[in-house]
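1. Sequence plus the predicted model coming up.
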Amino acid sequence: MSENSPQIRFLQDLLQAKEHEVQAFQQVIAKRVRTMKEIKDQQDDVQRLTEVVEAEIQAKRNDVSLLEARLLETDRLLEDRQSWTLYQREYQARHQYYREFAEKVGAEDAGELRTLLQRKDRPLLISPETLPACRERVQELLRIGAAQGYLCIDCVSRGPEEQFRIEEIAPHVHRINEEARLLPLLRKRPVTVLSTWVLQKAWYDVLSDVTVWYDLCADPSILFGPDPEMSLEHRERLRTAKIVSYAGLEHRALTYFRKEDSQQLPAGGV
C-alpha cells in the first residue's frame with residue numbers, strides 16, 4: 001500500500017486528531033489541578049485567618065475575665081473598706097438609742113418586768129441580744145448560771161409586728177424580746193452581763209455597775225468579720241472582762257493573753 005494512499009492519510013489524520021484531543025484534555029486537567037490548588041491555598045488562608053481571629057477572640061475573653069476578676073476584687077476591697085468603720089458607726093447608733101431609752105420610765109415598766117427585777121434573793125445575770133451562732137450556747141450558760149443561784153434573763157430580738165413579752169423558759173431563766181426595756185430598771189443595780197459579741201457593749205455601757213463575763217463560742221469570721229476595730233474591741237474585752245470562758249478547744253486561741261485564767265465551759269455544763 002502506497003504511503004499516499006487514502007487509507008494511510010485517513011489513519012494519519014485520525015491519529016493527529018486524537019493527539020489534539022489528548023493535549024486538550026491534558027490542558028483541561030492541568031487547569032483543574034491549578035484551580036483545585038488555588039482553592040486549597042484559599043482554604044489554608046481561611047483556616048489560618050480563622051485561627052488568628054479565634055486567638056484574638058480568646059485573648060479578648062481572657063482580658064474580659066481578668067477585668068471581671070479585678071472588678072470583683074475592687075468591690076470586695078470597697079466592702080472591706082466600708083466594714084472598717086462598721087463597729088464605731090454601729091456602736092454609736094446602738095449606744096445612743098439605749099442611752100435615750102434608759103432615761104425613759106414608761107408605765108409599761110411597772111408590770112411583770114419591774115416585779116421580776118425587784119427580786120433581791122438572786123443576783124442578776126443577763127445576756128443582751130447576741131448573734132444567731134451564739135444563741136444555743138447562751139441558753140445553756142444561763143441555765144448553768146441559774147443552777148448556781150443567779151436570776152437569769154435572755155434577751156432576744158423583737159419582730160416588727162410582735163408585742164413585748166416576758167416568759168420563763170427554765171427555772172429562774174426568763175426571756176424578753178426587747179432588751180432596751182431593762183435599762184431604766186437596771187441603771188443603778190449590780191448586773192453580771194454574759195457577753196458573747198463585742199457590740200453588746202453598746203447596751204451594757206449604759207449601766208453603772210457591770211461585771212462582764214466574756215464567753216467565746218464562735219468563729220472569728222462570725223464574731224469580728226473583716227473589721228479591725230471589732231477585733232481590737234475583742235482584745236479590749238479580753239483585757240477588762242472579769243470572767244473569760246470558751247466553748248471548745250478550737251476557741252481557746254481567741255482568749256490570747258487570758259489563756260491562763262480563762263475557763264473552758266464545754267457543752268453539757270462544767
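-> It's in.

2. The strand or helix carrying W213 pairs with which strands?
-> W213 belongs to strand 210-216 when assigned by DSSP states H and E. Using DSSP bridges, the strands paired with strand 210-216 are strand 191-195 (parallel), strand 243-246 (parallel).

3. chain center to that strand, what's the gap?
-> In terms of CA atoms, centre = their mean, to the nearest Å, the centre of strand 210-216 is found 27 Å from the chain centre.

4. would you put the C-alpha positions of it in PDB?
-> Only the C-alpha atoms of strand 210-216 are listed here, as PDB (Å, rounded to 0.1, in the frame of the first residue of the first chain):
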ATOM      1  CA  VAL A 210     -21.500  45.900 135.500                       C
ATOM      2  CA  THR A 211     -19.400  42.700 135.800                       C
ATOM      3  CA  VAL A 212     -18.600  41.400 132.300                       C
ATOM      4  CA  TRP A 213     -18.400  37.600 131.700                       C
ATOM      5  CA  TYR A 214     -17.000  37.300 128.200                       C
ATOM      6  CA  ASP A 215     -17.600  33.900 126.500                       C
ATOM      7  CA  LEU A 216     -16.000  32.800 123.200                       C
END
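
5. how many other residues sit next to the closest residue to C134 other than its chain neighbours?
-> Nearest residue to C134, sequence neighbours excluded (CB to CB, 6 or more residues apart in numbering): T196, at 4.2 Å. Any C-beta I mention is one placed from the backbone N, CA and C, and that applies to glycine too. Neighbours of T196 under the rule other CB atoms under 10 Å: 24.

6. Give me the mean pLDDT for the strand holding W213.
-> The average pLDDT within strand 210-216 is 96.

7. Can you list the low-confidence ranges for the stretch 101-250 of the chain?
-> Within the stretch 101-250 of the chain, the segments meeting pLDDT under 70 span 105-110.

8. can you give me the helices in it?
-> 112-117, 135-147, 183-186, 201-204, 220-223, 228-240, 249-252 (DSSP state H, counting those that start in this stretch).

9. Please identify the buried residues of the last one?
-> Using 16 or more other CB atoms under 10 Å as the burial criterion, the residues of helix 249-252 that qualify are H251.

10. Show me what the following helix or strand past it pairs with in its sheet, parallel or antiparallel.
-> For helix 249-252, the succeeding helix or strand toward the C-terminus, using DSSP H and E, is strand 263-264. Sheet partners assigned to strand 263-264 using DSSP bridges are listed as strand 243-246 (parallel).

11. The partner strand: which residues count as buried?
-> Neighbour-count burial for strand 243-246 [16+ other CB under 10 Å]: I243, V244, S245, Y246.

12. would CSV of the strands paired with strand 210-216 with distance to L125 be doable?
-> Listed next are the strands paired with strand 210-216 as CSV, based on distance: least, CB to CB, whole Å:
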stretch, distance to L125
strand 191-195, 5
strand 243-246, 11
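
13. V28: which of the ones you listed is closest?
-> When the strands paired with strand 210-216 are compared by CB to CB, strand 243-246 sits nearest V28, at 95.3 Å.

14. Name the residues that touch that closest one?
-> Identification of contacts with strand 243-246 by CB atoms under 8 Å, 6 or more residues apart in numbering yields 211-217, 238, 252, 254-255, 258, 261-265.

15. Check stretch 124-137 too.
-> 117, 138, 141-142, 145-146, 150-157, 179, 182, 186, 189-197, 200, 203-204, 213, 215, 217-219, 222-223, 247.

16. now do 7 Å
-> For stretch 124-137, contacts defined as CB atoms under 7 Å, 6 or more residues apart in numbering pick out 138, 142, 145, 150-157, 179, 182, 189, 191-194, 196-197, 200, 203-204, 217-218, 222, 247.
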